[in-house]
Structures are given as structure tokens and as C-alpha cells.
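Asker: Whatever this is, show me its structure:
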Amino acid sequence: MILNLMKSSNSKISLFANKAIPLKGNRSYWGGLNSAEQSLAIANQSKNSAGLLVIMTPDSQTASRIIDELQFFHPEQSLLSFPEWETLPYDQFSPHQDIISERLKTLYQLPAIQQGILVLPVATLVQRVVPFDYIQKFTFLLSTGETLEIETFAQKLESGGYQRVSQVMEHGEFAIRGSIIDLFPMGSKRPYRLDLFDNEVETIRSFDPETQRSIDKIDNIQLLPAKEYNFTQEGIDLFRQKFKHEFGDDSSQTQLYKEVSQANSVGGLEYYLPLFHDGLTSFFDYLPDASAFFEIGDLEQSIDIVLNEYDERYEIGQHNPDFPILKPEALILNKTEFLTELKSLHRITLQEIPTDKSTSLFNTLTLPDLSIQNSSDYPLAKLNAFCDQNKGRIIYSAESTGRRETLLSLLGKHKQRPETVETWQQAIESKSPYSIVVSPLEMSIHTPEISVICEAQIFGQTVVQKRRRKRKHNDFEAAISNLIELDIGSPIVHIDHGVGRYQGLQSLDIQGEPHEFLMIEYAGEAKLYVPVTSLHLISRYTGASPETAPLHKLGSDR
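Answerer: Next up is the predicted model:
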């Protein structure tokens, strides 16, 4: 059912109905939606909309939240992300390989996608990106039964930016042990193990990088390039030519020029992308014509924040003679270019508070205070009063299965026994007046038909844990096996303190008891001692070659 868009507070649209997408070049404003309701509205829209829905967020945290919520509301929908590098402009260290993997996977898939949702921060939409022909050139399919000469294959991987290691743990790595090749392709969820018989690929199996155990047998794998910059000899030659053209012939004496000339992949080369390619392109060029854009937050303010950060970082970094940097306009679109690209597209701005611009108003309501009163004889009096008056169904939302059981126990003491369901679809199809589901929702939803009450609404405080980007090495055993690879002096990354040098294990007496610590040395010979119980905070440095890895100052931003 397609409903017309109306500027009328007397005719409100159901949150569960499909809305009309504005014609190309037009804008509409959806008013009356909090953050959770915005995600639900988009998920409902995507079920019946052809083409790609692009969600622009003000920052990475918002993007991560929306992805979690969309996966909950509509798990069957194709969902893509294009994450930020998570480095400051002109930083001299590179993004984590998992981020590069996700970005390259999305760029490869976008031109052919027919329907789905793409979530990305404004900061990445503003960036100039690699041309599609670069991704095509270094993407190939490897199948069982193919003939493969090991050293030739290794050279091909290295020319595509893959790093040869003794044990594969991260995206973009490969290892060779006799007739066995381990490989973690960019864009893949798992690494793969190729078993060769003579020069023929006999089997391909996925494996667990933590246990190194093989899992599933498959017929073929797809290999994407491992870097966004072209680090083949052709790409390095182009870099040298463009670098001297940009910074003058004397720039051939700079440290950066010498390192790249020697094929050393130093950190931060992503901020020299234009020098490795004949030309960059706009992210908009990757998008299908039928794409519709959803804007969350103040778009122009988000653009200004990104542009100002580039300008400020350029002013700071342009005086480093060994690492001269490109002007911001070489790396990002300016505001006029960005808004011009958007002007001709389908655009929907999501508003929490309706304004006179609102073209669609939703039938959302505001939940009253439902917080528990621990000192009262009737601690759930507010919630019970709401349930008695509410005519729609109620779905309780808990952050985890453990929190769900806690909430069920509390409700059970007050004569409420919600039906436990596993998915959003089961929740909305349930015939029970009360149900409970585990979800990532941080805010409640209230409509005449259905109300979703988050546990924070009841307990009166935020119980949702801070969600960080999923990282490797958050498991103790995985961290231990990862550190076995390290030599004294190897670059190592602490999640809070940045890049230092591994100096081995050391035993220290704490209150008379011996304890084992990992020692990391930072700039100025500052030392950090990390308890072995906190090794999940440590990971190998993968941004560049170990010889050129940065050394951060302990207790500072860098």
C-alpha cells in the first residue's frame, strides 16, 4: 500500500505502512520519529521498495547502531556498510584491515546491487574513492581443479597488497607451508586453506583463524585487492611521477618517497590515494540510479564538521618535510560538490520533532514515565497503569538473554508473563498481548498498534552496553596465540594507547605476589605494563611494514 505524503497533522501515517518515495530531485521530511522508530520506518520501507536505500548518518556510532537495529527489524534484507577509516585525516598509520575489507567488498558489490540498504557516515560519503576498474583489475576467482604455481601466485597476491606471514590471522594475509596455502581474502568472513596436489588446487576449505582447524569444503573463492591504493610496480611508478609533480623534483629526497620507491607500505598511504591512481571518483558514481537517500541528523552540520577537520589537520601537517601532504580538495568533495551530487536524488530527511517542513507525520506517541519505584509497595505501579490503559500489544525488549530473564522474573512477580519470542517477526505476529524479545534497541517505540518497551524505560537508567566495533583478539586464547608470532621490538597496538614496541613478558611483584605483565615501550622510552589477563586489549600492528610503523607517545592522542 502506497500512501500519499501530506502536510497535515490530522492524517498520520502508520509506522508499519509503506510510504511513497519522493520523485528524483525532490525532498520529503518524515516527522515524529525517535532513533528506534527511524530504523523501523526504514526497515518497513525496504520490504516493498525497489532499488537501494542509502542511509547517511552523522558519525560512525550512529551508523553502527542503525545497522544493528536494521538487522533486528529486517534480517533478510541485504545490508551493506561503508565504514570510516577510523583514523584522523593525514594520520601516518593505516586503518585496520577489517575496515579496508568491508569497504572494498561494498565497492565491489554496489554497481550490481538491485535492492538493499547501505549505511554510511557522511565522512565516508564525502571522500573521493578508488575507481571501479581498479577493483575489477585485481579481483579474480580461484576454483578447485585449477592449476596454480605457488610462487607466481604469491607474487600475484603481494602485487594486490596481500602480506605474507607465518600464520594467517587478519584480512589481507597469506601463508605458504609446503603444498598448503592459507589465505584471508578481503571481504570474506573466514580465511581459506588451499591444499595442492602437484600444481593443482585439490581442495579449498574455510578454517578458524583462532584454532587453525578446517571447517567447510567449498568449490571456489573470490579474491579482492588488499589495499585501496595500487601498490604494484605500476602503481608505485605512478606515485613517484605524481609525487614529484605535486611537491617538486626535490621531493624525491623525502622519507615517504624513498619508502614507497622501495615498496615499503608505510602507514597512512590511504591519504595519498590520488597519487596511486590515474584518477579517483565520487562514491555517488558507484550507486544505482534508483537509489533513495535517508538523512539522519543535521546533514550540513555533519559536512561542515568533516571539512573543518580536514582543513585543521592540513594546517597542522603540511609543514612536515619528510611527509608532505595533499590538499583536502584532492581527497574529499567540497560542500558545493557534495550538495550538487545530492540535489538530483531521491531524498528523505528523518525528523524526531516535526516542523513546518514535515511532509509525512507518523502515528507515534510518547511513552509516559514507566520507571520502577523501588521504595514503593507497588514498584511497577506506573507500568501496570500504562498496561491497563493501553489498547495495543506490548513487546518488552531486553539487551541480552540474561537481562531478559531478569526482566521476566520481575514482571512475573507482578502477574505479567510475556511470551518469549526470538525475532522481531515473531514478536509482531504473536497473538499474546505481551511478549519479550532480545534486541539491540536503545529507545522504546510507542504507536496505537504496538508498543516496544525497552528495559531502560523500566529501570530508569541506561543498561545498554557501549558497543564498540567488533575487533579481533577480544578472546584471551586468541590474543595469546596472536602474540606467539611477535619478536622483541615488533610494533604492537593497545586499544587505548596506540602503537608501541613489544618488549616481552616481565614478572612484577604486586603486594608480595608475582604477576606476569606484557611490556610495551612508547616514544621517549615510556613503558606500559599490561597484565596478561588484559591481553584482549592488544593486537598486532597491521597498518604497514614493521620497520615503518609509527611510535606513539604514551598519554597523548598520538
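
Asker: Pull up the distance across stretch 146-164, start to finish.
Answerer: 22 Å (CA to CA, to the nearest Å).

Asker: Give me the contacts around that stretch.
Answerer: 138, 142, 172-176, 179, 181, 183, 194, 196, 199-201, 223, 225-227, 229, 231-233, 265, 542 (CB atoms under 8 Å, 6 or more residues apart in numbering). From N, CA and C alone the C-beta is placed, and that goes for glycine too.

Asker: Give the buried residues for it.
Answerer: With burial defined by 16 or more other CB atoms under 10 Å, the residues of stretch 146-164 counted as buried are 153, 154, 156, 157, 158, 159, 160, 161, 162, 163.

Asker: Please, which helix or strand holds the fourth one?
Answerer: Assigned by DSSP states H and E, residue 157 belongs to helix 150-159.

Asker: Report the next helix or strand after that helix in sequence order.
Answerer: Downstream of helix 150-159 (by DSSP H and E), the next one is strand 163-164.

Asker: Quick check: neighbours of that next one in the sheet, parallel or antiparallel?
Answerer: Paired strands of strand 163-164, with direction, are strand 173-177 (parallel) (DSSP bridges).

Asker: Pull out the buried positions in the strand it pairs with.
Answerer: 173, 174, 175, 176.

Asker: next one: stretch 287-297
Answerer: 287, 288, 290, 291, 292, 293, 294, 295, 296.

Asker: now do stretch 497-514
Answerer: For stretch 497-514, by 16+ other CB under 10 Å, it's 497, 498, 499, 500, 501, 502, 503.

Asker: Please list the residues outside that stretch that contact it.
Answerer: 93, 483, 486-494, 515-522, 527-529, 532, 541, 549-552, 554-555, 558.

Asker: do stretch 361-378 as well
Answerer: Taking CB under 8 Å, 6+ apart as the rule, stretch 361-378 contacts 8-9, 11-15, 30-34, 37, 41, 354, 379-384, 386, 410, 444-448, 451, 453, 457-460.

Asker: Of those residues, which belong to strands?
Answerer: Those of those mapping onto strands are 30, 31, 445, 446, 451, 453, per DSSP state E.

Asker: got a list of what the fourth one touches?
Answerer: Right, residue 446. Residues in contact with residue 446 (CB under 8 Å, 6+ apart) are 364, 365, 366, 367, 452.

Asker: The last one - nearest residue in space that isn't next to it in sequence?
Answerer: What that stands for is residue 452. residue 445 (4.0 Å; CB to CB, 6 or more residues apart in numbering).

Asker: Neighbours of that neighbour, how many?
Answerer: Neighbours of residue 445 under the rule other CB atoms under 10 Å: 22.

Asker: same thing with the one 4 residues further on?
Answerer: Around residue 449 sit 12 other residues, with neighbours defined as other CB under 10 Å.

Asker: Now that we're looking at residue 194, what pLDDT does it have?
Answerer: With respect to pLDDT, residue 194 scores 92.

Asker: helix/strand/coil for it?
Answerer: Three-state assignment for residue 194 (DSSP: H, G, I helix; E, B strand; the rest coil): strand.

Asker: Report the beta-bridge partner residues of it.
Answerer: Bridge pairing for residue 194 - DSSP bridges - gives residue 181, residue 204.

Asker: Please list all residues in contact with the most centrally placed residue in the chain.
Answerer: Residue closest to the mean C-alpha point of the chain, counted by CA atoms, centre = their mean, is residue 83 at 4.3 Å. Contacts of residue 83 were listed using CB under 8 Å, 6+ apart, and they are 60, 63, 99, 102, 103, 120, 121, 124, 469.

Asker: how big is the angle separating the helix holding residue 157 from strand 173-177?
Answerer: Relative orientation of helix 150-159 and strand 173-177, computed by axes from the mean of the first three to the mean of the last three CA atoms, to 10 degrees: 170 degrees.

Asker: Run the chain-centre distance for helix 150-159.
Answerer: 29 Å (CA atoms, centre = their mean, to the nearest Å).

Asker: Just the CA atoms from that helix would do, formatted as CSV, please.
Answerer: What follows is helix 150-159, C-alpha atoms only, in CSV (Å, rounded to 0.1, in the frame of the first residue of the first chain):
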residue,chain,number,x,y,z
ILE,A,150,52.9,-21.3,-5.8
GLU,A,151,55.5,-18.6,-6.2
THR,A,152,53.7,-17.0,-9.1
PHE,A,153,50.5,-17.0,-7.1
ALA,A,154,52.4,-15.5,-4.1
GLN,A,155,53.7,-12.7,-6.3
LYS,A,156,50.2,-12.0,-7.6
LEU,A,157,48.9,-11.8,-4.1
GLU,A,158,51.7,-9.4,-3.0
SER,A,159,51.1,-7.2,-6.0
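
Asker: tell me the mean pLDDT over it?
Answerer: 86.

Asker: ok, now how distant is residue 245 from residue 442?
Answerer: Using CB to CB, to the nearest Å, residue 245 is found at 50 Å from residue 442.

Asker: try residue 65
Answerer: Remark: distance between residue 65 and residue 442 (CB to CB) = 7 Å.

Asker: Need the overlap of contacts for these two.
Answerer: Shared contacts of residue 65 and residue 442, defined by CB under 8 Å, 6+ apart, comprise residue 35.
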